[in-house]
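>>> Below is the sequence, then the predicted model.
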Amino acid sequence: MPRPIWKGSLTFGLVNIPVQLQMAVRDKMINFHLMSKDGACRLRRKLYCPETGKEFDFGQTARGIEIGKGEYAIMDESEIKKLKPAQGRAIEITQFIKFEEIDPIYFDRAYYVVPTESSIKSYKLLYDAMNKSGRIALAHFVMRERQYLCAIRIYIDGLVLHTMHYADEVLALDDALPTAVERAKSGPKELEVAGELIDAMTRPLDLSKFKDDYRQELEKLIDEKKHGRKTVEAADDQDGRPLQRTTNLMEALRRSLVTSRPPHGNGRHPRRRRVH
């Protein structure tokens, strides 16, 4: 069983359910160490003043925030400590909402909410009530000196907690989206063919079919290095080539539709009826 990263209680009105949080996902990204060219030494970064070259130990540092160009305000640790949230031991549910009320852009990390031996009955009660209502819970709690907003929802036979970004942390789409997008119009014929392409590319989801090809090839290379086998340099790919812009949108849609349609027989998508 994975080691819990947080222990406390899930509060639901006056109901108190002892629970613990366990990691629901594991990042498998490969991280490299910075080494000398001959691999004899793992290198370390040092703290130093770029103007004088003087080196500093971590104990000689302080936290500062830039308030102007080249001007910093030093924050005393005691001042910061006073502002930190109390290290509570409760995930307090504040309200219930429909799942579709939260856009996925607000979700951050996922954790399994696991009951203790003494709270299985009350945990199952909350699970059954949420499952029947079709609602998810909004809650807040403190973990590692940080206050989190979170959403708790049904996941298979248990509960999963998603930490969330606060509303003021999500950047406005208007700042990123070109204004011309709002004025652009889709042609009816193009829209019809695009709809047919979506139909042709629609199939049951199986996430196990999606793999991180780069990581798998990297793991294979590391295994070869580990066992002293010679490695072969991979052929150059097309990443360096400039991206080709679609000049004839309708032609590109029609060609995509032809290549995306399954062969005749089982599983063939019916052609969309035209509405006059």
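Sure thing, it's come through. Numbering: from 1, shown residues only.

>>> need the strands for the stretch 51-200 of the chain, in chain order.
55-56, 63-68, 71-75, 90-98, 107-115, 135-143, 146-155, 158-164 (DSSP state E, counting those that start in this stretch).

>>> List just the one of those strands that sits closest to Ala184.
Ala184 lies closest to strand 107-115 among the strands of the stretch 51-200 of the chain, at 29.5 Å (CB to CB). Every C-beta, even on glycine, is put in place using the N, C-alpha and C of the backbone.

>>> Now do the SS call for Leu10.
strand (DSSP: H, G, I helix; E, B strand; the rest coil).

>>> Now for it: which residues touch it?
Counting by CB atoms under 8 Å, 6 or more residues apart in numbering, Leu10 makes contact with Asn16, Ile17, Val19, Ala90, Ile91, Ile93, Val113, Tyr123, Leu126, Ala139, Ile152.

>>> Least confident secondary structure element in this structure?
When each helix and strand of the chain is scored by mean pLDDT, DSSP states H and E, helix 249-260 comes last, with a mean of 76.

>>> For it, C-alpha coordinates in CSV please.
The C-alpha trace of helix 249-260 is given here as CSV (Å, rounded to 0.1, in the frame of the first residue of the first chain):
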residue,chain,number,x,y,z
LEU,A,249,-9.0,24.0,-45.9
MET,A,250,-11.8,22.2,-47.7
GLU,A,251,-9.4,19.9,-49.6
ALA,A,252,-7.5,19.1,-46.4
LEU,A,253,-10.8,18.3,-44.7
ARG,A,254,-11.9,16.0,-47.5
ARG,A,255,-8.6,14.1,-47.7
SER,A,256,-8.6,13.7,-43.9
LEU,A,257,-12.1,12.3,-44.0
VAL,A,258,-11.1,9.7,-46.6
THR,A,259,-8.1,8.5,-44.6
SER,A,260,-10.0,8.5,-41.3
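
>>> So which bits of it are buried?
Residues Leu253, Ser256, Leu257 are the ones in helix 249-260 that count as buried (16 or more other CB atoms under 10 Å).

>>> could the strands of the stretch 51-200 of the chain be laid out in CSV, adding mean pLDDT?
Converted to CSV, the strands of the stretch 51-200 of the chain look like this (pLDDT from 0 to 100):
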stretch, mean pLDDT
strand 55-56, 90
strand 63-68, 88
strand 71-75, 88
strand 90-98, 94
strand 107-115, 95
strand 135-143, 94
strand 146-155, 95
strand 158-164, 97
